[in-house]
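Colleague: Sharing a model that was predicted from the sequence below.
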Amino acid sequence: MTHAQELGRFAEDIAADYLISLNWLIIGRNLRNEYGELDIAALDKISRPEELVIIEVRCRTIGMIQSPLDSIGPKKLRTLINSAREFVNSSGWPGFWRIDVIGVTLRDKDSRDNWQLEHIRDITEGMNIIS
């Protein structure tokens, strides 16, 4: 496993622990379909009605040019939307769903003890999405 893959796995673990602390139910991780891979799928059990949430996890270290949240460009967003739609359709989920982003920033590239988490809900809210 490369250093980048290890950091990605570390950030996904932090994100999953965070979601569990919110009383969300993780229903899948690293879910692949013909459009791409989804980092985490979870049920936001606090929302009423309950929502299926696809979570993209981004990890960066301090000093990188882009923050984790700014690293999602148009191509990645299109892939996320298409992958999420495919997952929702194939799972038969009948309710509301959205895409969230969790960014994990490591303050020291050589240590995993000092990090910051940012959670952005519904990154496509209000967009007229055409895939």
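Modeller: Structure's in. What do you need? Keep in mind it's a predicted model, so treat the numbers as computed, not measured.

Colleague: Which residue ranges of this protein form helices?
Modeller: Counting by DSSP state H, the chain has helices at residues 3-21, 74-91.

Colleague: Now tabulate the ones you listed in a markdown table and tack on distance to Glu51 and mean pLDDT.
Modeller: All C-beta atoms are positioned from the backbone trio N, CA, C, and that covers glycine. Shown next, in a markdown table, are the helices of the chain (distance: least, Cβ to Cβ, whole Å; pLDDT from 0 to 100):
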| stretch | distance to Glu51 | mean pLDDT |
| --- | --- | --- |
| helix 3-21 | 13 | 90 |
| helix 74-91 | 11 | 94 |
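
Colleague: got TSV for these, with mean neighbour count and distance to His119 too?
Modeller: Formatted as TSV, the helices of the chain follow (neighbours: other Cβ atoms under 10 Å; distance: least, Cβ to Cβ, whole Å):
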stretch	mean neighbour count	distance to His119
helix 3-21	15	7
helix 74-91	16	16
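
Colleague: show me what contacts the spatially most central residue of the chain?
Modeller: Centroid-nearest residue in the chain, with Cα atoms, centre = their mean: Glu56, separated by 1.7 Å. Glu56 is in contact with 38-39, 72, 76, 80, 99-102, 123, counting by Cβ atoms under 8 Å, 6 or more residues apart in numbering.

Colleague: let's see 6 Å
Modeller: By Cβ atoms under 6 Å, 6 or more residues apart in numbering, the contact list for Glu56 reads 39, 80, 101.

Colleague: hang on, the earlier thing: to Arg32, which of the helices of the chain lies closest?
Modeller: Proximity to Arg32 (Cβ to Cβ) singles out helix 74-91 among these, at 8.5 Å.

Colleague: What residue, apart from its backbone neighbours, is nearest Ser90 spatially?
Modeller: Excluding the flanking residues, the one nearest Ser90 by Cβ to Cβ, 6 or more residues apart in numbering is Asn33, at 7.1 Å.
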